[in-house]
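Novice: structure here, sequence nowhere to be found:
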């Protein structure tokens, strides 16, 4: 569950079986959160919950300083190059890196393959011109097959209680990333929607690609 801004939402999510919480460190996002607040939330979480930091074209120094809050994954959601990802991996060897891509009709396998040696996985979001993500819109999942992904991937982009079962059946992702689909307002999670979403996910049939 991404876009976490409140402790009560975090505790609800993990109590219902969410494996990882995402925190957005991007000042233009309505779900932006400070490293201090993230650290406070992480200290109150139960063990074995992964915490993901979402960054958009941040510097290595900025990412390093925030990672100390207790992040286990770094999600790079901007225009970060393979060279930049290698530098991050060298500086932060204990955090895993997911490179996010905004998928659209122009996406190709070559976009992804050049990152194979420097990231641990990909996140597939929806391409919307001028937006870095978090649009609440789906992309055409049929595109994924032509991308020939060689790394695990998280499916994002407009997932909700209405379409998550279909998404799992059609795509068989390694994991799901939900945000606005379980909100009542940006950064405010709807606990009833989280429960329904997780009920559907638990019943779905995840199969290997």
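Specialist: That came in fine, so what should we check first? Bear in mind that the values here come from a model prediction, so they are computed numbers and not experimental data.
Novice: got the contact list for the lengthiest strand in the chain?
Specialist: Ranked by residue count under DSSP state E, the longest strand found in the chain is strand 96-103. Strand 96-103 is contacted from outside by 52, 54, 72-77, 80, 85, 88-89, 107, 111-112, 115, 118-128, 131-133, 139, 143-144, 147, 154, 156-157, using C-beta atoms under 8 Å, 6 or more residues apart in numbering. Bear in mind the C-beta positions are built from the backbone N, C-alpha and C, glycine included.
Novice: am I right that residue 58 is in a strand?
Specialist: No. Secondary structure assignment (DSSP: H, G, I helix; E, B strand; the rest coil) places residue 58 in coil, not in a strand.
Novice: ok, it - contacts?
Specialist: 25, 66, 78.
Novice: which elements pack onto the helix of greatest length in the chain?
Specialist: Longest helix of the chain, by residue count under DSSP state H: helix 191-203. Counting contacts by 3 or more C-beta pairs under 8 Å, 6 or more residues apart in numbering; DSSP states H and E, helix 191-203 is packed against helix 7-15, helix 164-171.
Novice: of those, which is nearest residue 195?
Specialist: helix 7-15 (8.1 Å; C-beta to C-beta).
Novice: SS state for residue 124?
Specialist: strand.
Novice: so what's it closest to, chain neighbours aside?
Specialist: Nearest non-adjacent residue to residue 124, counting by C-beta to C-beta, 6 or more residues apart in numbering: residue 103, 5.1 Å away.
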